[in-house]
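Peer 1: Please find the sequence and the predicted model below.
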Amino acid sequence: MSPSFVEKHSLSTPDRVAAAKAVEEQIRHDGTQVVRLSFVDQHGILRGKTVVAAEVARLIDSGLGVPSSLLLKDTSNRTVFATFTPKGGVGIKEMEGAGDMLMIPDPSTFKTLPWAPHTGWMLCDLRFGAGAAVPFSTRDLFRAALERLDQRGLAFVAGAELEFHLFRLTDKQLRPEDAAQPGRPPNVELTTQGFQYLGEYSYDELDPIYEKIRVGLQQLGLPLCSLEVEFGPSQCEITFNPGVGLEAADIVVLARSAIKQIARRNGYHATFMCRPRIANVVSSGWHLHQSLRAVADGANAFLTHEPGEILSPLGRGYLAGLLAHANAAASFSTPTINGYKRYRPYSLAPDRAIWGRDNRGAMLRVVGEAGSAATRIENRIGEPAANPYLYMASQIVSGLDGIDRALQPPPSADTPYETEAPALPGSLDEALVALDRSACLRAGFTDGFIDYWLHLKRAELARFNAEVSEWEQREYFSIF
């Protein structure tokens with residue numbers, strides 16, 4: 001009997017074998033009929049195929065083919081590379097002609113979806129048929145960054161605070177004329193009038209749908225911490241206890257997808273778009289709490305016992321690296337054109353690369369004190385639509401450069417909107433220019449990936465710039 005793909009390419013480990021057996025047992029126990037095999041694309045969106053349960057054991061070992069052109073699409077799902085030219089427009093022979101790549105299921109990620117009857121779910125990694133990793137697989141890019149930490153005896157620990165909007169659906173816009181590329185967005189109405197930040201009455205208004213979301217997330221085994229009413233109309237926040245390594249990003253991927261699916265099945269629309277174009281609605285962010293942990297004993301590597309200090313020397317270097325590369329990394333933390341409309345002064349969102357002690361106006365809020373095991377850095381730059389693998393990998397790459405070069409952060413900014421500091425990019429275009437010029441991010445992600453990412457995002461910008469906006473119509477149509 002010939003070896004399976006997993007065996008042939010040395011992907012099998014005792015832990016993987018045990019996890020695969022556990023999946024088979026759970027499928028039998030739960031009466032699972034179908035399993036969604038999904039991978040995370042370049043935009044942080046889940047894609048994949050649904051297979052019958054009887055095929056799962058075989059596919060865990062052999063993988064399942066999907067078109068590689070899925071990695072060549074912008075956010076409108078247009079293919080923006082010359083797929084049918086030599087090497088597929090990206091310099092990779094295997095991607096020519098939209099050739100197949102393999103989804104290799106990670107059995108340790110198996111879940112039973114509580115909202116979808118008889119349905120399981122498994123996250124997949126991407127490989128080419130000859131066994132090589134797909135260089136544009138963002139989960140693998142994050143894994144490579146984690147391995148750099150592991151070589152130093154360190155692990156990445158991160159917890160997410162995700163803001164989003166939760167609307168009630170009034171029109172799904174499913175008429176044929178609505179199906180452009182992209183399609184017309186749904187019509188919605190508010191679930192709360194807003195501006196009652198953390199108000200209990202407002203929470204009770206949301207409770208019928210929030211309760212369904214809570215149950216779904218907890219049944220998935222996600223480390224849910226809180227469900228909150230945010231400041232703006234229909235604005236929510238959900239927080240998670242920290243995860244370690246890959247788990248930290250996997251949590252965000254599954255949570256966002258679960259929230260959207262549960263909401264839609266119950267007549268709501270959940271969106272992680274930063275600033276929807278709806279009257280009085282405000283911007284949403286993604287606050288990423290992060291620290292490094294010593295693998296040997298689990299100690300927080302940011303912790304200091306030095307009186308008057310808030311971070312260890314390693315933590316200060318990491319902090320300085322995040323500041324030094326904030327603009328270059330911005331398209332990973334804020335990958336949409338829309339997200340840059342959030343960077344405004346005096347808005348609890350950052351507008352410059354700066355840090356502060358427990359200050360929510362700063363880009364980097366450092367929480368803790370000498371001797372506190374909970375010491376961490378909260379990066380408030382991100383938008384909730386960001387691909388978590390790229391966002392988190394960019395933090396590690398930037399932070400390690402600060403450590404390696406022994407960079408030192410400036411003093412804490414107690415007035416973050418008045419302290420002199422480099423401005424964050426005012427647009428996605430500015431962020432891409434900074435990334436293009438960054439030797440640090442190019443070394444950390446590879447030139448091949450950075451050039452691929454720049455092409456993807458610039459194709460998005462070109463479509464945006466080619467559209468005649470409502471602003472232009474209102475500004476010029478009458479006067480000229």
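Peer 2: Arrived safely, thanks for sending.
Peer 1: isn't residue 267 right up against residue 169?
Peer 2: Yes: if you go by CB atoms under 8 Å, residue 267 and residue 169 touch, sitting 5.4 Å apart. Every C-beta, even on glycine, is put in place using the N, C-alpha and C of the backbone.
Peer 1: Compare the two and say which is more crowded by neighbours.
Peer 2: A count of neighbours by other CB atoms under 10 Å puts residue 169 above the other of residue 267 and residue 169, at 16 against 11.
Peer 1: Report the secondary structure state of that one.
Peer 2: At residue 169, secondary structure determined by DSSP: H, G, I helix; E, B strand; the rest coil is strand.
Peer 1: what's residue 393 in contact with, if anything?
Peer 2: Applying CB atoms under 8 Å, 6 or more residues apart in numbering to residue 393 gives the contacts 138, 141-142, 144-145, 332, 444-445.
Peer 1: out of these, what pair is the most spread apart?
Peer 2: Greatest spatial distance among the contacts of residue 393 (CB to CB): 144 and 332, at 14.4 Å.
Peer 1: Name the residue in the two with the higher neighbour count.
Peer 2: Ranked by neighbour count (other CB under 10 Å), residue 144 and residue 332 place residue 332 first, with 27 against 16.
Peer 1: and the one helix or strand residue 7 maps to, how far out from the chain's middle?
Peer 2: Following DSSP states H and E, one finds residue 7 within helix 5-8. Relative to the chain's own centre, helix 5-8 is displaced by 30 Å; criterion: CA atoms, centre = their mean, to the nearest Å.
Peer 1: which ones are touching the residue lying closest to residue 143 once chain neighbours are set aside?
Peer 2: Distances taken as CB to CB, 6 or more residues apart in numbering place residue 246 nearest to residue 143, at 6.4 Å, with adjacent residues excluded. Residues near residue 246 by CB under 8 Å, 6+ apart: 139, 142-143, 146.
Peer 1: Next one: residue 246 from residue 379, what distance?
Peer 2: Relative to residue 379, residue 246 is positioned 19 Å away (CB to CB, to the nearest Å).
Peer 1: Report the secondary structure state of residue 328.
Peer 2: Classified using three-state DSSP, residue 328 is coil.
Peer 1: wait, it sits on residue 442?
Peer 2: No: look at residue 328 against residue 442 with CB under 8 Å: they stay out of range, at 9.1 Å.
Peer 1: Next one: residue 118 from residue 111, what distance?
Peer 2: 13 Å.
Peer 1: can I get the contacts of residue 393 in JSON lines with secondary structure and pLDDT?
Peer 2: Supplementary listing: the contacts of residue 393 in JSON lines, determined by DSSP: H, G, I helix; E, B strand; the rest coil; pLDDT from 0 to 100:
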{"residue": "138", "secondary structure": "helix", "pLDDT": "98"}
{"residue": "141", "secondary structure": "helix", "pLDDT": "98"}
{"residue": "142", "secondary structure": "helix", "pLDDT": "98"}
{"residue": "144", "secondary structure": "helix", "pLDDT": "97"}
{"residue": "145", "secondary structure": "helix", "pLDDT": "98"}
{"residue": "332", "secondary structure": "helix", "pLDDT": "98"}
{"residue": "444", "secondary structure": "helix", "pLDDT": "98"}
{"residue": "445", "secondary structure": "helix", "pLDDT": "98"}
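Peer 1: Which member of these is positioned nearest residue 222?
Peer 2: Nearest to residue 222 out of the contacts of residue 393 is residue 142 (CB to CB; 18.2 Å).
Peer 1: Grab the nearest non-local neighbour of that closest one.
Peer 2: Using CB to CB, 6+ apart and skipping the chain neighbours, the partner closest in space to residue 142 is residue 389 (3.8 Å).
Peer 1: in a helix, that's where the one you found is, yeah?
Peer 2: Yes: Residue 389 sits within a helix when classified using three-state DSSP.
Peer 1: how close does it get to residue 123?
Peer 2: 11 Å.
Peer 1: do residue 171 as well
Peer 2: From residue 171 to residue 123 the distance is 33 Å (CB to CB).
Peer 1: Same drill for the two, tell me which one is more crowded.
Peer 2: Shown here are residue 171 and residue 123; by other CB under 10 Å, residue 123 has more neighbours (24 against 12).
Peer 1: Give me the pLDDT for the spatially closest residue to that one that is not a sequence neighbour.
Peer 2: Of all residues not flanking residue 123 in the chain, residue 109 sits nearest, at 4.0 Å (CB to CB, 6+ apart). Turning to residue 109, the model gives it a pLDDT of 98.
Peer 1: Count the neighbours of residue 109 for me.
Peer 2: 19.
Peer 1: Next: the one 3 residues further on.
Peer 2: By other CB under 10 Å, the residues close to residue 112 number 19.
Peer 1: May I ask you to confirm that it is in contact with residue 23?
Peer 2: No: Residue 112 is beyond contact range of residue 23, at 10.4 Å (criterion: CB under 8 Å).
Peer 1: residues in contact with stretch 28-38?
Peer 2: Stretch 28-38 is contacted by residues 26-27, 46-53, 56, 59, 64, 103, 105, 110, 112-113, 118-124 when judged by CB under 8 Å, 6+ apart.
Peer 1: that older thread, list residues touching both of residue 389 and residue 123?
Peer 2: 40, 139.
Peer 1: What pLDDT does the model give residue 467?
Peer 2: Note for residue 467: predicted pLDDT of 92.
Peer 1: next one: residue 346
Peer 2: 84.
Peer 1: For residue 313, see how far away it is.
Peer 2: Counting by CB to CB, the gap from residue 346 to residue 313 is 33 Å.
Peer 1: Between these two, which has more neighbouring residues?
Peer 2: The neighbour count for residue 346 versus residue 313, taken as other CB under 10 Å, is higher for residue 313 (13 against 10).
Peer 1: Next one, pLDDT for that one please.
Peer 2: At residue 313, pLDDT is 97.
Peer 1: what's the first-to-last distance across stretch 119-133?
Peer 2: In stretch 119-133, first residue to last residue: 28 Å (CA to CA, to the nearest Å).
Peer 1: do stretch 185-197 as well
Peer 2: For stretch 185-197, the end-to-end distance is 27 Å (CA to CA).
Peer 1: Nearest the geometric middle of the protein, what residue?
Peer 2: Nearest residue to the geometric centre of the chain (CA atoms, centre = their mean): residue 388, 2.3 Å.
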